[in-house]
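Novice: just to be clear, the model below is a prediction. Sequence and coordinates:
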Amino acid sequence: MSRDAGPDHRRRTPGDRLGEPMTATAVEAHALLAAFAAVLLGLAVALAAFAGRRPALSGDHGVGDVAALVAGFAALLACAVAYRRSYAEPDRRWLAERALWRRLLGLVALAFAHAAIAFMVTWASFQIFQRAFSGVTLDAFAAALLTSLAGALASYAAYQSGSRMDSYALSNLIATFLAAGVLTSMVTTNRSDWWQVNMSVLGAADYGVSLAFNGTLVTAGAVIALLAEYMTRDVRALDLYREHAGVVLARNREAVLVACIAAIGAFLAATGLVAVDLSIPVHNSMATAMTAVYTLLVLRAHAWLPGLSRTFYLAGYFMLAGAVLSVMMWWPLGYYNMTAMELVVAGDILAWLVLLTRNVAAAVEDARRLEDPLS
């Protein structure tokens, strides 16, 4: 819903040429087709990769390594196709009306995030299975079956997620992707003492995981920028419902709110683009700016987003206080090192963004039900 929403005789937009929206049954059918395609892909790749050898479940180019690549690629394609097809849904046609570069950025970021999650989950799962079944090896056919299964699960889940993407799902995706990406960087670095320095060194070239860590930050920043667009729609819809109820709201607060969320995404992406071994001052400045914007958002949330629950506002203040306390425990108190402080502050920012998105989406849902009790 937007303020310029009009009757059926409105001008035609790119969203009008997308075709008919799919039913829930059709989405399920297409997700199963995507899974079947991933099975065929997994069989072909695995039989070629494991021909003439008995791979282990994990390590040394084992089943887990190949399965993770297949799962990631399958999730990438499935999410991209499903998300693009979802533009035909009535409540998502606005996605097709954005500038081309914004459509491409959102699509690529979402698809890559799904691919990375599928890759990391599959790789970690086979690591666990290898520990549970120590010493086991498989013939090429059995390895191909497991690879196909991993690809099918990833493809099915990614298609479902891409078809039903909304503010709730997007906030959960950001949290899952960032947590999985950073954790993977931690456990795969070739320097076991990284935590004695700070978290940013995971993005340094000589620590072995710079691409994984920096890529996670850049992609997460792009997804947060997409979240700002979803938030724009939610806030506008909420304002319209409140205006119908006779509530007078300031107009400029929406733009400032969304700009701040987009700025968090931009600063997060910048910390990944300018790694700590490229320029420490620039890297630290971007991280500091992101924290400053988060602070401003928490302090002004009650003014920019009136009408949300008091519990949400109080939670924001407590979380901000926890972040400040965490910084003080690093300096000047020296209770723990910089890595612990960064983990707490980053977790605070991410958790608050998720809470913000979910609370706004919940307010929109409540307002919709009050206006149309039968919806």
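Specialist: Done, it's in.
Novice: what about the most centrally placed residue in the chain, which helix or strand?
Specialist: The centre of the chain sits closest to residue 174, judged by C-alpha atoms, centre = their mean, with a distance of 2.6 Å. Using DSSP states H and E, residue 174 maps to helix 167-188.
Novice: where's the closest residue to residue 302 other than its chain neighbours, which helix or strand?
Specialist: Closest residue to residue 302 apart from its sequence neighbours, by C-beta to C-beta, 6 or more residues apart in numbering: residue 313 at 5.1 Å. C-beta coordinates here come from the backbone N, C-alpha and C atoms, glycine included. Per DSSP H and E, residue 313 falls inside helix 310-330.
Novice: output the contacting helices and strands for that helix.
Specialist: With contacts defined as 3 or more C-beta pairs under 8 Å, 6 or more residues apart in numbering; DSSP states H and E, helix 310-330 has these neighbours: helix 280-304, helix 338-371.
Novice: turn those helices into TSV, including mean neighbour count.
Specialist: Shown next, in TSV, are the helices and strands packed on helix 310-330 (neighbours: other C-beta atoms under 10 Å):
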stretch	mean neighbour count
helix 280-304	17
helix 338-371	18
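Novice: re earlier: can I get the CA coordinates of the helix holding residue 174 in PDB?
Specialist: Only the C-alpha atoms of helix 167-188 are listed here, as PDB (Å, rounded to 0.1, in the frame of the first residue of the first chain):
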ATOM      1  CA  SER A 167       9.600  -7.900   6.300                       C
ATOM      2  CA  TYR A 168       9.400 -10.700   8.800                       C
ATOM      3  CA  ALA A 169      11.300 -13.100   6.600                       C
ATOM      4  CA  LEU A 170      13.900 -10.600   5.500                       C
ATOM      5  CA  SER A 171      14.800  -9.600   9.100                       C
ATOM      6  CA  ASN A 172      15.200 -13.300  10.000                       C
ATOM      7  CA  LEU A 173      17.300 -13.900   6.900                       C
ATOM      8  CA  ILE A 174      19.700 -11.000   7.800                       C
ATOM      9  CA  ALA A 175      20.200 -12.400  11.300                       C
ATOM     10  CA  THR A 176      20.700 -16.000  10.100                       C
ATOM     11  CA  PHE A 177      23.100 -15.000   7.300                       C
ATOM     12  CA  LEU A 178      25.300 -12.700   9.400                       C
ATOM     13  CA  ALA A 179      25.500 -15.200  12.200                       C
ATOM     14  CA  ALA A 180      26.300 -18.100   9.900                       C
ATOM     15  CA  GLY A 181      28.800 -16.100   7.900                       C
ATOM     16  CA  VAL A 182      30.700 -14.700  10.800                       C
ATOM     17  CA  LEU A 183      30.700 -18.000  12.700                       C
ATOM     18  CA  THR A 184      32.000 -19.800   9.600                       C
ATOM     19  CA  SER A 185      34.800 -17.300   9.300                       C
ATOM     20  CA  MET A 186      35.700 -17.900  12.900                       C
ATOM     21  CA  VAL A 187      36.000 -21.600  12.600                       C
ATOM     22  CA  THR A 188      37.800 -21.700   9.300                       C
END
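Novice: now the next helix or strand after that helix: buried residues?
Specialist: The C-terminal neighbour of helix 167-188 among helices and strands, as given by DSSP H and E, is helix 210-244. Under the neighbour-count criterion of 16 or more other C-beta atoms under 10 Å, helix 210-244 has 210, 212-242 buried.
Novice: with stretch 66-80 instead?
Specialist: Residues 66-80 are the ones in stretch 66-80 that count as buried (16+ other C-beta under 10 Å).
Novice: where does the stretch 1-150 of the chain have low pLDDT?
Specialist: Low-confidence segments of the stretch 1-150 of the chain, defined by pLDDT under 70: 1-19.
Novice: all helices of it, in order?
Specialist: Secondary structure of the stretch 1-150 of the chain (DSSP state H, counting those that start in this stretch): helices located at 24-49, 63-85, 100-132, 140-163.
Novice: got the ones you listed as a markdown table, with distance to residue 306 columns?
Specialist: Supplementary listing: those in a markdown table, determined by distance: least, C-beta to C-beta, whole Å:
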| stretch | distance to residue 306 |
| --- | --- |
| helix 24-49 | 35 |
| helix 63-85 | 32 |
| helix 100-132 | 28 |
| helix 140-163 | 32 |
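Novice: nearest to residue 203, of those helices?
Specialist: Evaluated over the helices of the stretch 1-150 of the chain, closeness to residue 203 peaks at helix 100-132, with 15.5 Å, by C-beta to C-beta.
Novice: can you name the farthest residue from the center of the protein?
Specialist: Residue farthest from the centre of the chain, counting by C-alpha atoms, centre = their mean, is residue 52 at 39.3 Å.
Novice: helix/strand/coil for the spatially closest residue to residue 206 that is not a sequence neighbour?
Specialist: Of all residues not flanking residue 206 in the chain, residue 277 sits nearest, at 7.3 Å (C-beta to C-beta, 6+ apart). What DSSP: H, G, I helix; E, B strand; the rest coil gives for residue 277 is coil.
Novice: measure residue 277 to residue 171 for me?
Specialist: Residue 277 sits 31 Å away from residue 171, taking C-beta to C-beta, to the nearest Å as the criterion.
Novice: same question, residue 231
Specialist: For residue 231, the distance to residue 171 equals 10 Å [C-beta to C-beta].
Novice: before we move on, back to that, would you turn the helices and strands packed on helix 310-330 into CSV with mean pLDDT and distance to residue 105?
Specialist: Compiled in CSV, these are given as follows (pLDDT from 0 to 100; distance: least, C-beta to C-beta, whole Å):
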stretch, mean pLDDT, distance to residue 105
helix 280-304, 95, 19
helix 338-371, 92, 19
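Novice: nearest to residue 58, of the ones you listed?
Specialist: Closest of the helices and strands packed on helix 310-330 to residue 58 is helix 338-371, at 27.1 Å (criterion: C-beta to C-beta).
Novice: what packs against that closest one?
Specialist: Helix 338-371 packs on helix 167-188, helix 210-244, helix 252-273, helix 280-304, helix 310-330, going by 3+ C-beta pairs under 8 Å, 6+ apart.
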